[in-house]
Structure formats: structure tokens, C-alpha cells
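S.K.: what's the 3D shape of this:
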Amino acid sequence: MKKHIFLYIFLGILGIFLVAFGFTAYKYYIAIHADDPIQPYVAAKGELVTIARGDIAIDMSNNERYDIEEGDVVLTKANSQATVFWPDGSTTQLGESTKMIIDKMKVSDDYSKIQLEARLEKGKVWSNIVRTLYPESYVRFRLPDQKLIAGVRGSVFEINLEKDYIYSVKHAVILESELVNQKVVLLQGEIVSAWDILKKLTKEVLDETWVQANKANDAVYDAGRKVQNELTLRMLQGSNIINNWWNNLVKSILEYLPGFEDLKYWEAIANNKIDLIRDSGQEKIIQFAQKLKNTDFTAEKDLLRNTLADVTKDLPDANKWLQSLQQEALWEALSLSDSSFDGVKGLLKKSNINSDVLIEQLKKSLNTQDFGTDVINSFRSVLK
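M.R.: Residues are numbered from 1 along each chain as shown. Next up is the predicted model:
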């Protein structure tokens, strides 16, 4: 009888352990894979949105969604809009009476390759593109009639063919036009004609209702992703002694299981132990720098970027890597306090850029677009 009692007690304790272990493991799995690539899809808003796939027409009504593939044509009507959710978490909002063709969607699981291409044949789009550190990654929007390519590697921008303008909302857009045989870097806040990228326009041309609606949508979407990523790190930081003891036990087991290989690196970042991943290899450092891009963990991002600058300096494409890291650091610097600029300045100085002048002038001038010539030239040299 006693043996049975002890057996039942043992099985009960084992059951509680397994349930608790499974719950904790699931929590960690969801957390460390929260920012993994997604299956791309279109979400409809309004009466009718159509995906043309070869000879097939897929009609969607308000709040419906459908997975998309390369070659799909997304069409909105006069009373509908749509949102494309790209594999890397980027979004493109299609306005009314818009036609956009999905030409390429290549995103690797570790984000080492991001290649997105689309053609806008009519209408207007607003894109919120996630920044990538990989020099060979790109996002391109082609305008066939205007013979124009808009290239970005982490920007918010609008292309409005109805009102003939391209608007760089956040960060920068690189425009290449066959019509005028020119390449232009469109800085934050700048607006040019879609037909003539050398023709600068004022904010009076903007579709203000559309602009404000999309800024509000972006704020909600970005805040959600930011909270999701930061919760992962906060959770791995631990809270009290009992929780830490249990979590450490679970993590020590999970690190040997498939799907949890990156857990120890996430924990190192969460607890400000960047040195623990310095020797993990270039690809791993890049991967985590990429995943941290949408958080407020500024010191950690700064350390990872400067570490990357060191580990990539002997590569054949070292200059491309340095430029990519500088661009990332520079844009982030514009929204930070002076106390956070040390790492940013160090990256910029690697190219003999006067970072002190550049950063201070840009901070003062960005909202008004009252840039000095020297500042503009220095800034554009980093963004090319």
C-alpha cells in the first residue's frame, strides 16, 4: 500500500513538473521565435480586393486575408484598400484604385537574405519597410511608366501616382530614374515628382488624410512589434530568486533541444553580456543585431554594430558592411540623447566623417529640412 502511495506521489510530482516544464518551454519558444519570418499575405479593407494569380481571380471582402505568392497582382477598387504583410514583417498599404504586382519575395529564416520587389502600375502605396543590415539585401518598388526604381533598406515612404509624388517619411529612399538618367537620395521629409525626381515638391501636394491615417496605423503596428521583441528580453532577464532558479533549470535543458539553439544568446543579450556572443561568429552576431533593431535596447544594439564592424573589416565587401552599419547607427542616433552617441560616432569616424557636426546639425535641421550644404553632402555620402 505504501509503495502505491509513494508511486502516486511520485507520478503526481512528475506530472506537475512536466506540465510546468512544458508551459515554460512553450513560453520561451514563442518568445525567441516571435520575430521569425511569416507567411506573406494580403488583408482586405472595404468592399472588394482582388488577387489575380494567373487565370484565377481571388476576391476578398472587408477584414478577409489571403496568402500571397510571387507573381500575384493585388487590385483594389474605388471603395477598398489592402495591406500587404511581407515575410520580414514589413508592410505596404495599398490605397483605392491601386494595382501592384509582387515580383519577388525572398526572405531566409535568419534574415541573411531579404529580397522584395514589387511593381506599382497605378494608384498609391505607403510602405513601412523593416531595416536590414545585410548589404546584399534590398527592397525595390518599380514604376514601369515612369521608368523609375525606388530602393530602400529600412524606410517609411509613400509613392502616389495619382498626385505624382514620392515622399520619404522616415529615413531615406534611393531613386534611380531612366528618364532623367539620375540617382537621387531622398532624405526624410523630402518630396519629389514621380515623373521627374529632380523636381522637389512641397508638403502642399500631400494627400494629408491618407498620410495621417497611415502614420497612425504604423504607430500601432510598430508599437506592437516593439513590445513583442522587448518582452522576450525582459522575460529572459528574470525577476525573483525562485523564478530564476526554475527558469535556469528549464533553459539548461532546452539549450540542447531543436528550436532552442539561440536561447543562450538571447539570454546573454537580455542580461547585457554581449561578450558571450562575440565569438559566436559573424552570422550569429548579424542575426541578433537584426532581431534587436525594433527595440529600445540601444546599448546592446550599439555594441553589436561595433562588433560587426570589427569582424567584417577583413571581408571583400567590408566597405559595404561598414556603410550599412553606419546608416543604421546614424538613423538611430537622430532619435537618441547625446549620451547614446559614442558608438555611433565611432562607426562614422571609420570613414573619416565628422560625426559631431553631422549628428548635431541633423538633429537641429531634420524636422525643418533646413540643411546646410556640407551636412547634406556628408549625410548623402553615408546613404548612397
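S.K.: tell me the secondary structure for the residue most central in space within the chain?
M.R.: Nearest residue to the geometric centre of the chain (C-alpha atoms, centre = their mean): residue 130, 1.9 Å. State at residue 130, reduced to three classes by DSSP: H, G, I helix; E, B strand; the rest coil: coil.
S.K.: strand partners (parallel or antiparallel) of the helix or strand where residue 82 lies?
M.R.: Assigned by DSSP states H and E, residue 82 falls within strand 80-85. In its sheet, strand 80-85 lies beside strand 41-46 (antiparallel), strand 91-94 (antiparallel), with partners assigned from DSSP bridges.
S.K.: what would these look like in CSV with mean neighbour count, distance to residue 196 and mean pLDDT?
M.R.: All C-beta atoms are positioned from the backbone trio N, CA, C, and that covers glycine. Output for these, formatted as CSV (neighbours: other C-beta atoms under 10 Å; distance: least, C-beta to C-beta, whole Å; pLDDT from 0 to 100):
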stretch, mean neighbour count, distance to residue 196, mean pLDDT
strand 41-46, 19, 32, 95
strand 91-94, 23, 24, 96
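S.K.: wait, which of these is closest to residue 142?
M.R.: Closest approach to residue 142 among these (C-beta to C-beta): strand 91-94, 13.3 Å.
S.K.: check the offset of the closest one from the chain's centre.
M.R.: Here the centre of strand 91-94 is set off from its chain's centre by 14 Å, with C-alpha atoms, centre = their mean, to the nearest Å.
S.K.: got the contact list for it?
M.R.: Strand 91-94 has contacts (C-beta atoms under 8 Å, 6 or more residues apart in numbering) with 74, 76, 81-86, 100, 118, 123-128, 214, 217-218, 221.
S.K.: derive a ChimeraX selection command for the buried subset of the residues you listed.
M.R.: Those of the contacts of strand 91-94 that count as buried under 16 or more other C-beta atoms under 10 Å are selected in ChimeraX with:
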select :74,76,81,82,83,84,85,86,100,118,123,124,125,126,127,128,214,218
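S.K.: please, where are all the helices along this protein?
M.R.: Ranges of helices within the chain are 2-32, 208-237, 241-254, 263-270, 275-278, 282-291, 298-311, 318-333, 342-349, 355-365, 373-383, based on DSSP state H.
S.K.: is residue 75 in a bridge, and if so with what?
M.R.: Beta bridges link residue 75 to residue 50, residue 99, judged by DSSP bridges.
S.K.: need the contact list for it.
M.R.: Counting by C-beta under 8 Å, 6+ apart, residue 75 has contacts 49, 50, 51, 52, 98, 99.
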